[in-house]
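Visitor: Here is my input; please provide its structure:
(chains A and B)
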Number of protein chains: 2
Amino acid sequence: MKYELLKTEGRAKRGRFHTVHGVIETPVFMNVGTVAAIKGAVSTDDLREIKCQVELSNTYHLHVRTGDKLIKELGGLHKFMNWDRPILTDSGGFQVFSLAGIRKIKEEGVTFNSHIDGRKIFMGPEESMQIQSNLGSTIAMAFDECPPALAERKYVEDSVARTTRWLYRCKEEMARLNSLEKTINKEQLLFGINQGAVFNDIRIEHAKIISELDLPGYAVGGLAVGESHEQMYDVLDHVVPYLPQNKPTYLMGVGTPANILEAVDRGVDFFDCVYPSRNGRHGHVYTNHGKLNLFNQKFEKDMRPIEEGCGCPTCRSYSRAYVRHLLKAKEMLGMRLCVLHNLYFYNTMMEEIRDALDAGEFAAYKKRKLDSMAQGQD
Amino acid sequence: MKYELLKTEGRAKRGRFHTVHGVIETPVFMNVGTVAAIKGAVSTDDLREIKCQVELSNTYHLHVRTGDKLIKELGGLHKFMNWDRPILTDSGGFQVFSLAGIRKIKEEGVTFNSHIDGRKIFMGPEESMQIQSNLGSTIAMAFDECPPALAERKYVEDSVARTTRWLYRCKEEMARLNSLEKTINKEQLLFGINQGAVFNDIRIEHAKIISELDLPGYAVGGLAVGESHEQMYDVLDHVVPYLPQNKPTYLMGVGTPANILEAVDRGVDFFDCVYPSRNGRHGHVYTNHGKLNLFNQKFEKDMRPIEEGCGCPTCRSYSRAYVRHLLKAKEMLGMRLCVLHNLYFYNTMMEEIRDALDAGEFAAYKKRKLDSMAQGQD
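Guide: You can find the predicted model right below:
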């Protein structure tokens, strides 16, 4: 593992992260494949076609369905999905706190009910690390609590303190797991997660403490959960300077193209978000001139591709009119074509961001891209 | 348009059909894309990958949703779907008689209610030809009535007589449409359809009459609608000899791999069926050793492809265990991978049939294939 900081522009970072599953050029957008599959009938073969560098799978979802033990027995997630590039797994924490049923949070961990069959499950730092080790992902995320955006100060303080104690346990457990003979990926990397809701002082204090653990990467978690964009940018302005610049900086679950541009500007270089696939499944597609709702009547006879000049598998072959027809007819193909386009749009934007940083022109690129997207189109 | 009868073995035909959209090597299986899309998130780009020669779209479905007039305005079905190879459209008759609401059959045509919004629609031979001309398909099917398999003799006699009168009107209307300046495909071909339920004498008499019209191809319709396989084979044994051997012979809506092998043996060389895509969407996949239900527990840890040695996009990359996981997790990707495999299986079987006929070894191939499929697998 080695993170090369190739270039900076203001606080923006252009990096290169070497992992056991290959190199990640950053800034990077990780493509979300919740249950070891990208929603919208998109396969890992498709991901290779649309410039995806890192696939992200959800620990919680894979644990409650199919099961990480089975996946380990079958050789791990890479082999299971036929994907030899990097995979990041989240810790399960976010889903436990947002999806799962009534739960108890204790020092040891969390007890919750599976959203599939209601069965009671316990997950703490050790369990999360064990599951992620079973999956054999390239990067494992620390098990944390993600408090509600509007939680009170006292609750957040206590929660962050526990998240810190959990992080020590995560680090220790991963070291133990990586040393076992039967572990699939003995070079699995642990990223710590900064929390603290919108309380900058709590976040900064937390960032300082976790930075001392010298982990291979750090994430800012607990954002994009209800606070405003301005609050999110304000947190990044304050906290990113206290995370190691010579490590990956990951903003979890963010966001719109504009969010990503703003966050890159504030020193973030890893992203993931369900927007491109979720929006795609609803016929909302991204272009350099804003988002289009393909259900709109005005696209009925529009034989142009979603975006002129776009090199994605959808735009190379199909028109807005055809994709609209598929969506209206509730054909799965319509969703697939929109998701492919949207992920390609995101992955291409990251490529443009890297190129702009390489050329020392990120500020100009960012302005141009934001203006163009805000402008809309005919 | 030219049909070359390259070789025969018994009654089995190995043909080559030249159309304005390219050559069709027969026997051929046409891949069903009901609403201008193959169900299971399969695109025309995918069809090119899985050896599809002819795409089949449904006149009724495209008429009631999106509309053939819009598709004409956009340049026709080929341009709409981005498919430059042959397309066959059915007449709409089958769907009118099976899907649509309460209806009246009169000499002029049929009045029915759209299954989408219930609106009243009239379709007769002229309307069906006009719709198919608007779509610009390579091959248009005659508008016919498909009586129930168990209909009484008198009903079938009257129905077949009307279908014959309708065929004359179809031929006349298509000639008129093909001569119009704004017609998309002025070389659209009309195939006649033989009917008569399981009454061989009615079918033979009908076959003789429609053969005299010297149409570019003939179909046997009204089978695989409830009668037994033996009854279907018996009808083919009796009626195919009365259809022109030097024209395509199309068995509509059939069937299982075994049905196809038996029908080829009886002189049929065009097929279509929803089985491979419908079964695929339910996790039922074809192999040379019988059909597998991938929901079966025994595939949970099976890291083999659906079929060893299969060259389809699914088997090249993914295991039974992974596809089963996707199906169980209700991921659309699971359906897509099964449909791709099944269509590839059918298209490959047709290729094998053509090779066997070329080599004069169809009888041996058929026996081997049927034995192997019936045998099952571990």
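Visitor: What residues does the stretch 1-150 of chain A have near chain B?
Guide: A:35-45, A:65-66, A:70, A:73-75, A:79-82 (CB under 8 Å from any CB of the partner chain). C-beta here means a position set from N, CA and C on the backbone, and glycine is covered the same way.
Visitor: Tell me which of those residues fall in helices.
Guide: Judged by DSSP state H, the subset of the residues of the stretch 1-150 of chain A next to chain B located in helices is A:44-45, A:70, A:73, A:79-81.
Visitor: List buried residues within those.
Guide: A:44, A:79-81 (16 or more other CB atoms under 10 Å in any protein chain shown).
Visitor: Tell me the one of the ones in helices among the residues of the stretch 1-150 of chain A next to chain B nearest residue A:182?
Guide: residue A:73 (10.4 Å; CB to CB).
Visitor: How about that closest one: what's its closest non-neighbour residue?
Guide: Nearest residue to residue A:73 in three dimensions, chain neighbours excluded: residue B:301, at 6.6 Å (CB to CB, 6 or more residues apart in numbering or on different chains).
Visitor: How many neighbouring residues does that neighbour have?
Guide: The number of residues packed near residue B:301 is 13, by other CB atoms under 10 Å in any protein chain shown.
Visitor: so where is chain A shaky, pLDDT-wise?
Guide: Low-confidence segments of chain A (pLDDT under 70): A:1, A:100-102, A:377-378.
Visitor: How is it partitioned into domains?
Guide: A:2-272, A:280-375 (the TED database).
Visitor: start to end distance for the shortest one?
Guide: Meaning domain A:280-375. 21 Å (CA to CA, to the nearest Å).
Visitor: Kindly report the same for the first one.
Guide: Start to finish, the residues bounding domain A:2-272 are 21 Å apart (CA to CA).
Visitor: Now do it: distance to the chain's middle.
Guide: Relative to its chain's centre, domain A:2-272 lies at 7 Å (CA atoms, centre = their mean, to the nearest Å).
Visitor: near chain B, which residues of the stretch 201-350 of chain A?
Guide: Near chain B, when you scan the stretch 201-350 of chain A using CB under 8 Å from any CB, you find A:300-301, A:303, A:313, A:317-319, A:321-322, A:325-326, A:328-329, A:331-337.
Visitor: Sticking with the residue in the stretch 101-250 of chain A that chain B sits nearest to, tell me its helix or strand.
Guide: Nearest to chain B, among the residues of the stretch 101-250 of chain A, is residue A:116, at 9.4 Å (CB to the nearest CB). Using DSSP states H and E, residue A:116 falls within no helix or strand.
Visitor: Report the contact partners of it.
Guide: Contact analysis of residue A:116 by CB atoms under 8 Å, 6 or more residues apart in numbering or on different chains lists A:64-65.
Visitor: And the helices in the stretch 51-200 of chain A?
Guide: For the stretch 51-200 of chain A, helices defined by DSSP state H, counting those that start in this stretch occupy the ranges A:59-64, A:68-73, A:77-81, A:93-98, A:125-135, A:153-178, A:200-211.
Visitor: Residue A:67: how many residues sit nearby?
Guide: Neighbours around residue A:67, by other CB under 10 Å: 15.
Visitor: phi, psi of it?
Guide: phi 100, psi 130 (degrees, to the nearest 10).
Visitor: now the residue nearest to the spatial centre of chain A, nearest residue through space, not along the chain?
Guide: By CA atoms, centre = their mean, chain A has its centre lying nearest to residue A:272, at 2.1 Å. Using CB to CB, 6+ apart and skipping the chain neighbours, the partner closest in space to residue A:272 is residue A:30 (4.1 Å).
Visitor: Counting neighbours, which bits of stretch A:64-71 end up buried?
Guide: A:64-66, A:68, A:71.
Visitor: now stretch A:18-35
Guide: So for stretch A:18-35, counting by 16+ other CB under 10 Å, buried means A:19, A:21, A:24-35.
Visitor: would TSV of these with distance to residue B:345 and secondary structure be doable?
Guide: As requested, the buried residues of stretch A:18-35 are exported to TSV (distance: CB to CB, whole Å; DSSP: H, G, I helix; E, B strand; the rest coil):
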residue	distance to residue B:345	secondary structure
A:19	38	strand
A:21	33	coil
A:24	38	strand
A:25	40	strand
A:26	43	strand
A:27	43	coil
A:28	38	strand
A:29	37	strand
A:30	35	strand
A:31	30	strand
A:32	32	strand
A:33	27	coil
A:34	29	coil
A:35	26	coil
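Visitor: Checking the residue in chain A sticking out farthest from the centre next. Helix, strand or coil?
Guide: With distances taken from the mean C-alpha point of chain A and given as CA atoms, centre = their mean, the most distant residue is residue A:301, at 35.9 Å. For residue A:301, the assignment made with DSSP: H, G, I helix; E, B strand; the rest coil gives coil.
Visitor: thinking it is in contact with residue B:71, fair?
Guide: No: applying CB atoms under 8 Å as the test, residue A:301 and residue B:71 come out as separate, 10.3 Å apart.
Visitor: and the gap between the residue nearest to residue A:73 and residue B:322?
Guide: 11 Å (CB to CB, to the nearest Å).
Visitor: among the ones in helices among the residues of the stretch 1-150 of chain A next to chain B, which two are most distant?
Guide: A:45 and A:73 (23.8 Å).
Visitor: residues contacting residue A:45?
Guide: Contacts of residue A:45 (CB under 8 Å, 6+ apart): A:82, B:313, B:317.
Visitor: mind redoing it with 10 Å?
Guide: Contact analysis of residue A:45 by CB atoms under 10 Å, 6 or more residues apart in numbering or on different chains lists A:82-83, B:313-314, B:316-318, B:337.
Visitor: quick check, nearest of the residues you listed to residue A:260?
Guide: Comparing the contacts of residue A:45 against residue A:260 with CB to CB places residue A:83 closest, at 22.9 Å.
Visitor: Give me the neighbour count for residue A:117.
Guide: When neighbours are counted by other CB under 10 Å, residue A:117 comes out with 8.
Visitor: For it, give me its contacts.
Guide: A:64-65.
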